[in-house]
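> structure for this input, please:
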Amino acid sequence: MTLGTTYTEQTQWNTSSPDTHPVQAVAGMTYDLPDYKAQAAGVVFASPVGKGCEGGFVRVAPFQKTCQEVVQTLPKGSVLADNLSNTMLFNLANDGGQALLVPTGNSCVVVSVARMAG
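Alright, predicted model coming up:
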């Protein structure tokens, strides 16, 4: 979720029994990549399951491009999965999660979601 960023985060968990309760982290991120310089935000959440843990993340990143332009930057092999109230939902290539493209005038907010297990 934070690849390519500098970030700060705040975590919350049960300190007396961390292996039996969920954990959550909220992050503020700054992208400083050659083709993308912007603020973004994300949430990571996980819960114990058996002897492991499962969870997911949500990242919200604004782009100063239309959503049609952002579609061209998605990983090759990404597929349009649905149109949810005029927001395109893509299944990202290589099981990379999903991206919901929310149009905001001439800009696009990309909400990325993914699940994880381990």
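> adjacent strands (with direction) for the strand or helix carrying P48?
Assigned by DSSP states H and E, P48 falls within strand 36-49. Paired with strand 36-49 in the same sheet, following DSSP bridges, are strand 23-33 (antiparallel), strand 52-63 (antiparallel).
> buried sites along that strand?
By neighbour count on 16 or more other Cβ atoms under 10 Å, the buried set for strand 36-49 is A40, G42, V43, V44, F45, A46, P48. Backbone N, C-alpha and C define where each C-beta goes, glycine included.
> and the closest residue to the first one other than its chain neighbours, what is it in contact with?
If I follow you right, that is A40. Excluding the flanking residues, the one nearest A40 by Cβ to Cβ, 6 or more residues apart in numbering is A61, at 3.9 Å. The contact partners of A61, by Cβ atoms under 8 Å, 6 or more residues apart in numbering, come to Y31, A38, A40, V109, V110, S112.
> in three-state terms, label the residue with the largest distance to the centre of the chain for me.
The centre of the chain is farthest from one residue, S16, which by Cα atoms, centre = their mean lies 29.3 Å away. Secondary structure for S16, judged by DSSP: H, G, I helix; E, B strand; the rest coil, is coil.
> what distance do you get for it to L101?
S16 is 42 Å from L101, where distance means Cβ to Cβ, to the nearest Å.
> do the same with L80
Applying Cβ to Cβ, the value for L80 to L101 is 10 Å.
> and those two? Which one has more around it.
Neighbour count, other Cβ atoms under 10 Å: between L80 and L101, L101 has more, with 21 against 12.
> partners of the helix or strand harbouring that one, with directions?
In this structure, L101 sits in strand 98-104 according to DSSP H and E. Applying DSSP bridges to the sheet, strand 98-104 is found paired with strand 88-91 (antiparallel), strand 107-117 (antiparallel).
> ok, which of those strands comes nearest K76?
Ranking the strands paired with strand 98-104 by proximity to K76 (Cβ to Cβ) places strand 88-91 first, at 12.0 Å.
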